[in-house]
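A.B. asks: predicted coordinates and the sequence they were generated for:
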Amino acid sequence: MKILSASQTRSADAYTIAHEPITSLDLMERAAGALVHWLKQKYTAQIPFHIFCGPGNNGGDGLAAARLLHQDGYDVWVYLLEASQNKSSDFTQNLERLPQAIPVVRVQTEEDLPAALPKGSIALDSLFGSGLSRPLEGIYAQAVAFLNRQPAPVISIDIPSGLFADAPTPAQSAVVQAAVTLTFERPKMAFLLPASGAYAGEWHVLPIGLHPTFLEQTDSPYHLLVPQHIKSLLRPRQKFSHKGTFGHALLVGGSYGKMGAITMSGHAALRAGLGLLTVQVPHIGYTILQTALPEAMVLTDDHAHHLTRFPEDLTKYQCVGIGPGLGQAEASQLALERLFQQVTPPLVLDADALNLVATDRLLRQHLPPHSILTPHPKEFERLTGPATDDFHRLQLLKEFCAQYQCYVVLKGAHTCIGTPAGEFYFNTTGNPGMATGGTGDVLTGILTGLRAQGYSALEACQLGVYLHGLAGNLAAQAEGQISLIASDLYKYLGAAFRKASE
Ligand SMILES: NC(=O)C1=CN([C@@H]2O[C@H](COP(=O)(O)OP(=O)(O)OC[C@H]3O[C@@H](n4cnc5c(N)ncnc54)[C@H](OP(=O)(O)O)[C@@H]3O)[C@@H](O)[C@H]2O)[C@@H](O)CC1
Ligand SMILES: Nc1ncnc2c1ncn2[C@@H]1O[C@H](COP(=O)(O)OP(=O)(O)O)[C@@H](O)[C@H]1O
Ligand SMILES: [K+]
């Protein structure tokens, strides 16, 4: 699903108004109807709503929602913050349509704000939406500070006021801290990035029937991974298939004290449907692997504690995953240099393999094209240099993927897959329970297992990242987020495959 910029959203609104056709006022009515429908599912008419409206169409949404909630028997208070001269015409018309019975407070100075919102009420933030053109100041910033100190939960309409949809919001700006954001048609980029995403709280997308032709014809490099797409990628097993049908992968890693990482990757690769798995570990890992992962074949390095060489013949493997628990011994770095100078099967590089690539220019220069790299933000910035903000990090991601013709899985709450073609795919599954050691190793195993089965690099990244997060969600449902550990992810991977194919 494409993610649209604020200006594309404006064009989508305009296109819908012209081609459906529908008046702008009626489109706003539809948006407000979707908002109120959502609110009514969640809150009974005993809950009072305090609605803070700005001068633009976002404020217009708030006014229309106030009228609809009032008609449905809810207690509603409206606070008008319209210092701006440019009130939108839909705002003005919705103000005229506001029933007399709704109390309206005109807020021009801080003194006009109430001391506090009554206990048990909900605040709706419709101060500014995607039309925000500069940081909030004066009474608008004061209203934001007021909302942020209320115990009442704040529900933001379309986007937390003060947050830029698709550019960095300057530090120290006044931004509403929403408990929930109800956003129209598509999530905004800002929701997917760590610095800004926290303001949106839990966000829900409300479809408002923007014109499908516009959505189809508009190009965006930014995409969201959605269940329908994931389902379309999954390949069901055929009756006469055999283990050879599902690929043979090699996983390389593990070092003294870090054998768990490669063991978990191995479990995950097999649970991802892989036909055959060989794991290469340093000598001390032999018994550990044979015991903990009897389904895998094991090759041992001559060295007891770390990797010094890759197998001579790699042609029998359809994918090689390198990195979990690898360590950064000089001999391992040399082994990687030798590997990169030959023709290799598709590679998945993680953890210390990435750290070695980051410190060794030769390795970077010879990075085999179409490799999959799976850094967390710190590992990523070791590869590219520091990012000044989340949007700059995406720019670095784009440049890195283009320069090295590789796929980068930039891990986080909304993991982002960067591609050589300059596209970005944001994940929608996963939860903070997954912020625990070893979950990245599990992802490496899943990606290696999928790639070896013949999924393309992009397909493997999309499927792997989505299923890894979905397994995390299913594990959290059963075990809770706090107690979730990395091995739960491959325990629930089967359930994730089943759910994704429903
Ligand atoms: N039919 C449709 O189009 C639909 C639209 N929908 C809704 O519309 C919302 C977008 O509406 P919008 O474009 O009117 O923008 P919005 O954010 O309300 O305010 C812009 C106004 O604020 C002003 N302003 C900006 N920054 C400012 C600042 N820092 N401090 C002070 N003023 C500032 C700016 O003035 P200017 O920048 O020119 O000074 C302008 O006057 C969207 O999020 C969704 O909720 C839905 O109903 C679906 C149908
Ligand atoms: N808050 C979060 N929400 C969703 N997923 C998360 C969150 N925190 C971490 N994850 C996921 O957990 C994994 C952590 O990987 P990584 O940092 O490499 O861990 P490790 O090195 O311990 O294996 C990534 O796939 C990441 O997307
Ligand atoms: K808002």
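C.D. replies: That came through, no problem. Ligands and ions are numbered 1, 2, ... in the order given.

A.B. asks: quick one: the helices in the stretch 401-502 of the chain?
C.D. replies: Assigned by DSSP state H, counting those that start in this stretch, the stretch 401-502 of the chain shows helices spanning 439-452, 457-479, 486-491, 493-500.

A.B. asks: which of these sits closest to residue 101?
C.D. replies: In terms of C-beta to C-beta, the element of these nearest to residue 101 is helix 457-479, at 44.0 Å. All C-beta atoms are positioned from the backbone trio N, CA, C, and that covers glycine.

A.B. asks: what residues go with each domain of the chain?
C.D. replies: As assigned by automatic domain parsing, the chain contains the domains 6-220, 227-233+242-500.

A.B. asks: any idea which of those domains is most buried?
C.D. replies: domain 227-233+242-500 (a mean of 20; mean count of other C-beta atoms under 10 Å).

A.B. asks: what sits against the residue most central in space within the chain?
C.D. replies: Central residue of the chain (C-alpha atoms, centre = their mean): residue 414, 1.9 Å from the mean position. By C-beta atoms under 8 Å, 6 or more residues apart in numbering, the residues touching residue 414 are 192-193, 197, 426-428, 430.

A.B. asks: let me know the closest of those residues to ligand 3.
C.D. replies: Ligand 3 lies nearest to residue 197 out of the contacts of residue 414, by C-beta to the ion, at 15.5 Å.

A.B. asks: wait, a helix at that closest one?
C.D. replies: Yes. According to DSSP: H, G, I helix; E, B strand; the rest coil, residue 197 belongs to a helix.

A.B. asks: which non-adjacent residue is nearest it?
C.D. replies: Nearest residue to residue 197, sequence neighbours excluded (C-beta to C-beta, 6 or more residues apart in numbering): residue 191, at 5.2 Å.

A.B. asks: verify the contact between that neighbour and residue 198 for me.
C.D. replies: No. Here residue 191 does not reach residue 198: they are 9.6 Å apart, not a contact under C-beta atoms under 8 Å.

A.B. asks: pLDDT averaged over stretch 7-24 - what is it?
C.D. replies: Averaged across stretch 7-24, the pLDDT comes to 95.

A.B. asks: show me which residues of the stretch 201-350 of the chain sit near ligand 1.
C.D. replies: By C-beta under 6 Å from any ligand atom, the residues of the stretch 201-350 of the chain that approach ligand 1 are residue 208.

A.B. asks: where along the stretch 201-350 of the chain do the helices fall?
C.D. replies: Using DSSP H, counting those that start in this stretch, helices in the stretch 201-350 of the chain cover 212-217, 227-233, 259-271, 286-292, 330-340.

A.B. asks: list the helices and strands the shortest one packs on?
C.D. replies: The one in question is helix 212-217. helix 6-19 (3 or more C-beta pairs under 8 Å, 6 or more residues apart in numbering; DSSP states H and E).

A.B. asks: does ligand 1 sit close to the helix it packs on?
C.D. replies: Yes. Contact of helix 6-19 with ligand 1 is found when judged by C-beta under 6 Å from any ligand atom, involving residue 13.

A.B. asks: the residue of the chain most remote from its centre and residue 67, how far apart?
C.D. replies: Of all residues in the chain, residue 100 has its C-alpha farthest from the mean position, at 43.6 Å, by C-alpha atoms, centre = their mean. For residue 100, the distance to residue 67 (C-beta to C-beta, to the nearest Å) stands at 11 Å.

A.B. asks: near ligand 1, which residues of the stretch 401-502 of the chain? Just list them.
C.D. replies: Not one residue of the stretch 401-502 of the chain sits near ligand 1, judged by C-beta under 6 Å from any ligand atom.

A.B. asks: residues from the stretch 51-200 of the chain in reach of ligand 3?
C.D. replies: Within reach of ligand 3 by C-beta under 5 Å from the ion, the stretch 51-200 of the chain has these residues: 58, 125, 156-157, 161.

A.B. asks: give me the subset of the residues you listed lying in strands.
C.D. replies: Counting by DSSP state E, the part of these found in strands is 125, 156-157.

A.B. asks: and the residues you listed, which is closest to residue 339?
C.D. replies: Within those, the smallest distance to residue 339 is 49.9 Å, found for residue 156 (C-beta to C-beta).

A.B. asks: if we can go back for a sec, out of the helices of the stretch 201-350 of the chain, which gets nearest to residue 311?
C.D. replies: Nearest of the helices of the stretch 201-350 of the chain (C-beta to C-beta): helix 330-340, 10.0 Å.

A.B. asks: contacts for the closest one, please.
C.D. replies: Against helix 330-340 from outside (C-beta under 8 Å, 6+ apart): 303, 306-310, 322, 326, 352-353, 356-357, 360, 362-363, 366-368.

A.B. asks: for the closest residue in space to residue 431 that isn't next to it in sequence, give me its contacts.
C.D. replies: Counting by C-beta to C-beta, 6+ apart, residue 476 is the residue found nearest to residue 431 once chain neighbours are left out, at 5.1 Å. Going by C-beta under 8 Å, 6+ apart, residue 476 touches 431, 433, 484.

A.B. asks: what's the answer for residue 416, then?
C.D. replies: 192, 394, 397, 409-410, 424-427.

A.B. asks: strands - which of those land there?
C.D. replies: Members of those lying in strands (criterion: DSSP E): 409-410, 424-426.

A.B. asks: nearest to ligand 3, of those residues?
C.D. replies: Using C-beta to the ion, residue 426 comes nearest to ligand 3 of the ones in strands among the contacts of residue 416, at 21.6 Å.

A.B. asks: about what we covered before: how about the ones in strands among the contacts of residue 416 in CSV, adding distance to ligand 3 and pLDDT?
C.D. replies: Output for the ones in strands among the contacts of residue 416, formatted as CSV (distance: C-beta to the ion, whole Å; pLDDT from 0 to 100):
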residue, distance to ligand 3, pLDDT
409, 32, 98
410, 28, 98
424, 25, 98
425, 27, 98
426, 22, 98
